[in-house]
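S.K.: Test case, fold it:
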Amino acid sequence: MKDKELLSALKEQGYAFTTADDMYTVRKTPANDPIMWISRTEPYSLDTRHVELEKLNADAIDELLDVVMDYIVTPLAERRDEPRFMVKVWRDYSNWLNVSRYTGGLILSNDTETDEYQTSFTKSEYEALRKNNTEYAPYLPPFNRADPRFEMVKDGD
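M.R.: Numbering: from 1, shown residues only. Below you'll find the model as predicted:
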């Protein structure tokens, strides 16, 4: 289970959570004491020694633990989504790489992701795009996070 899937499921079940570098803290509301802590850096690790957990009914506990157990048994490398980025083909212009979701064709346009055009890519998606479009490869640089033609996309963008 990915981090985003865990957080989405917690939100769907009505829980609040905070994120730290090494853990998620789950609460019934932001003002409540913690129900549990879930490790982001240690597999199979969570702390449920909290009075707030005992206040939940049995069905709520089962539903919460079903989701959390799926997450904590997921290998660490599989929990995080691959970072996404956009590609500005020419540095001086707002000419972002777009790929048609229908035809797979490449165009240069704005940076707006739509139902018709994909504008952000993972490294594996981008490398496949370069490999499968050899005629455009000279214009599509290899991915390099430090290259200003690549703009990383924040979560939620």
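
S.K.: Buried residues of the longest helix belonging to the chain, list them for me.
M.R.: Looking across the chain with DSSP state H, the single longest helix is helix 58-72. The neighbour-count check on helix 58-72 (16 or more other CB atoms under 10 Å) flags A60, L64, V67, V68, Y71, I72 as buried. All C-beta atoms are positioned from the backbone trio N, CA, C, and that covers glycine.

S.K.: of those residues, closest to L106?
M.R.: Minimum distance to L106 across these is 37.0 Å, recorded for Y71 (CB to CB).

S.K.: And the pLDDT for that closest one?
M.R.: At Y71 the predicted local distance difference test score is 96.

S.K.: export stretch 136-156 as PDB, just CAs?
M.R.: This file holds the C-alpha atoms of stretch 136-156, laid out as PDB (Å, rounded to 0.1, in the frame of the first residue of the first chain):
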ATOM      1  CA  TYR A 136      12.300  13.100 -30.800                       C
ATOM      2  CA  ALA A 137      15.100  11.700 -28.600                       C
ATOM      3  CA  PRO A 138      17.600  14.400 -29.600                       C
ATOM      4  CA  TYR A 139      15.100  17.000 -28.200                       C
ATOM      5  CA  LEU A 140      14.300  15.100 -25.000                       C
ATOM      6  CA  PRO A 141      17.200  15.100 -22.600                       C
ATOM      7  CA  PRO A 142      17.900  12.300 -20.300                       C
ATOM      8  CA  PHE A 143      16.300  12.900 -16.900                       C
ATOM      9  CA  ASN A 144      18.500  14.900 -14.500                       C
ATOM     10  CA  ARG A 145      16.900  16.400 -11.500                       C
ATOM     11  CA  ALA A 146      19.500  19.200 -11.500                       C
ATOM     12  CA  ASP A 147      18.700  20.200 -15.100                       C
ATOM     13  CA  PRO A 148      16.500  23.300 -15.100                       C
ATOM     14  CA  ARG A 149      14.400  21.800 -18.000                       C
ATOM     15  CA  PHE A 150      12.900  19.400 -15.400                       C
ATOM     16  CA  GLU A 151      10.500  20.800 -12.900                       C
ATOM     17  CA  MET A 152       9.600  18.500 -10.100                       C
ATOM     18  CA  VAL A 153       5.800  18.300  -9.300                       C
ATOM     19  CA  LYS A 154       4.800  18.500  -5.700                       C
ATOM     20  CA  ASP A 155       2.300  16.000  -4.300                       C
ATOM     21  CA  GLY A 156      -1.300  17.000  -5.100                       C
END
